[in-house]
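> What shape does this take:
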Amino acid sequence: MSANIATSGLRFYMVSNAPEPVATFSHAVEGGSFIHVTGQMPTYPGEPQRPVPDDIEEQTHRVMANLHIVLTGLGLDWSSVVRAGAYLTNFEKDYARFNEIYSSYFPADRLPARTCVGVTALARGARVEVDLVAFRPLTR
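Residues are numbered from 1 along each chain as shown. Model (predicted):
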């Protein structure tokens, strides 16, 4: 992991074993106790040209695996997540199955706040993308 500390106190992270960005962004930005994790695609770390999986099940698991790579690269885990944003290109068809898979990554009594919206398209022809906000207590 590499961190760039700006004079504003923000930290910009690129996690070495996370997927290569599909656009110009950091994997995460930390400000105070909150870490904003960029939306992850169903791409494969180290294989940027590999096609994304076809079905929502594989895509959702791949997205969650990529988010886990970023979280662990920052010394965090699923219990640190306070909010998620989910984006589905085929909302009506994929929403129920996405929810089943997504929710399996969190304890039932510790689900983060979440917004899930239907969108017209995502990069790389993906059907799903998820971004996160995580919390890390400030140490004094």
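> list the contacts for Thr43?
Pro19, Glu20, Val22, Arg50, Val52, Arg62, Asn66, Arg124 (C-beta atoms under 8 Å, 6 or more residues apart in numbering). C-betas here are computed from N, CA, C, even on glycine.
> ok, now how distant is the last one from Met64?
Computed as C-beta to C-beta, to the nearest Å, the Arg124 to Met64 distance reads 17 Å.
> out of those two, which sits in the busier spot?
Higher neighbour count among Arg124 and Met64: Met64, with 19 against 12, using other C-beta atoms under 10 Å.
> Using the three-state scheme, assign the more buried one.
helix (DSSP: H, G, I helix; E, B strand; the rest coil).
> pLDDT below threshold where in this structure?
1-7, 140 (pLDDT under 70).
> Do a quick rundown of the strands in it.
2-5, 11-14, 28-31, 34-40, 81-88, 113-118, 128-135 (DSSP state E).
> With distance to Tyr102 as extra columns, can I get those strands in TSV?
Output for those, formatted as TSV (distance: least, C-beta to C-beta, whole Å):
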stretch	distance to Tyr102
strand 2-5	28
strand 11-14	23
strand 28-31	19
strand 34-40	12
strand 81-88	7
strand 113-118	8
strand 128-135	7
